[in-house]
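Asker: predicted model and sequence follow; I will ask about them next.
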Amino acid sequence: MVGSGVKVPFQPWAEKVYTERKENISKDDPEARCLPPGVPRMSTTPYPFRIMQTPGLTLIVYEGGAHVWRQIFTDGRKHEADPNPSWLGDSIGWWEGDTFVVDTVGLNGKSWIDESGLPTTDKLHVIERFHRDDSNNMTIEHTVDDPGAYTAPWKFTTHPTLLKGEMIEYICQENNRDLEHLKGK
């Protein structure tokens with residue numbers, strides 16, 4: 001995000017970690033070890049995803065990123081009082097006009113915001129605003145609120161396009177030869 005012009009309001013420790021990750025070419029990236037990219041990083045990977053809506057539940061299936069899926073409950077429930085921390089967290093969603101808003105808490109603090117190494121903590125709270133611009137394009141505005149890593153909430157936007165064709169099988173764990181190359185500096 002820093003490279004995209006977004007001013008990230010780092011806590012001092014988080015900026016130090018980010019700088020170290022940039023200097024060592026992200027050698028400890030969890031996604032390179034077939035772990036889930038987490039939220040909001042799932043929307044920043046180059047892999048396609050599919051959104052499916054049912055009454056009370058929206059699912060997002062991701063081709064890459066350890067081939068995971070998200071459950072976004074749209075049945076009016078509130079977040080769990082004490083969610084079990086996970087890579088994709090506890091997500092609830094609702095519509096505001098033609099924008100689908102997803103509120104996620106209960107993240108485990110192990111994921112990175114992006115491949116450059118922006119850190120997270122278990123205090124991370126993400127709000128995503130999905131808006132379909134036209135039949136082929138979408139805008140997702142991400143609000144990152146992690147008082148453990150940042151001094152204030154901040155935002156960035158992604159612009160996924162419609163997948164032409166079908167998702168394919170992607171198995172990161174099978175025959176992963178990339179680990180031997182992750183030496184960094």
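Answerer: Cool, got the structure. Numbering: from 1, shown residues only.
Asker: list the buried residues for stretch 155-173?
Answerer: Within stretch 155-173, the residues that count as buried by 16 or more other CB atoms under 10 Å are Phe156, Pro160, Cys172. From N, CA and C alone the C-beta is placed, and that goes for glycine too.
Asker: er, stretch 5-17 I mean
Answerer: Val8, Phe10, Gln11, Ala14, Glu15, Val17.
Asker: from Trp112, how far off is the closest residue to Arg50 other than its chain neighbours?
Answerer: Excluding the flanking residues, the one nearest Arg50 by CB to CB, 6 or more residues apart in numbering is Val61, at 4.9 Å. According to CB to CB, to the nearest Å, Val61 stands 21 Å off from Trp112.
Asker: just the CA trace of stretch 78-96, in PDB.
Answerer: The C-alpha coordinates for stretch 78-96 follow below in PDB (Å, rounded to 0.1, in the frame of the first residue of the first chain):
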ATOM      1  CA  LYS A  78     -24.100  -9.600  15.300                       C
ATOM      2  CA  HIS A  79     -20.400 -10.600  15.600                       C
ATOM      3  CA  GLU A  80     -19.800 -13.400  18.100                       C
ATOM      4  CA  ALA A  81     -18.900 -12.000  21.500                       C
ATOM      5  CA  ASP A  82     -15.600 -13.900  21.600                       C
ATOM      6  CA  PRO A  83     -14.800 -15.100  18.100                       C
ATOM      7  CA  ASN A  84     -12.200 -17.900  17.700                       C
ATOM      8  CA  PRO A  85      -9.300 -16.000  16.000                       C
ATOM      9  CA  SER A  86      -8.800 -17.300  12.400                       C
ATOM     10  CA  TRP A  87      -7.200 -16.200   9.100                       C
ATOM     11  CA  LEU A  88     -10.500 -15.000   7.600                       C
ATOM     12  CA  GLY A  89     -12.200 -13.900  10.900                       C
ATOM     13  CA  ASP A  90     -15.900 -13.500  11.700                       C
ATOM     14  CA  SER A  91     -17.700 -11.700   8.900                       C
ATOM     15  CA  ILE A  92     -21.100 -10.200   8.800                       C
ATOM     16  CA  GLY A  93     -22.600  -8.300   5.900                       C
ATOM     17  CA  TRP A  94     -25.400  -6.000   4.800                       C
ATOM     18  CA  TRP A  95     -26.500  -3.900   1.800                       C
ATOM     19  CA  GLU A  96     -26.300  -0.100   1.700                       C
END
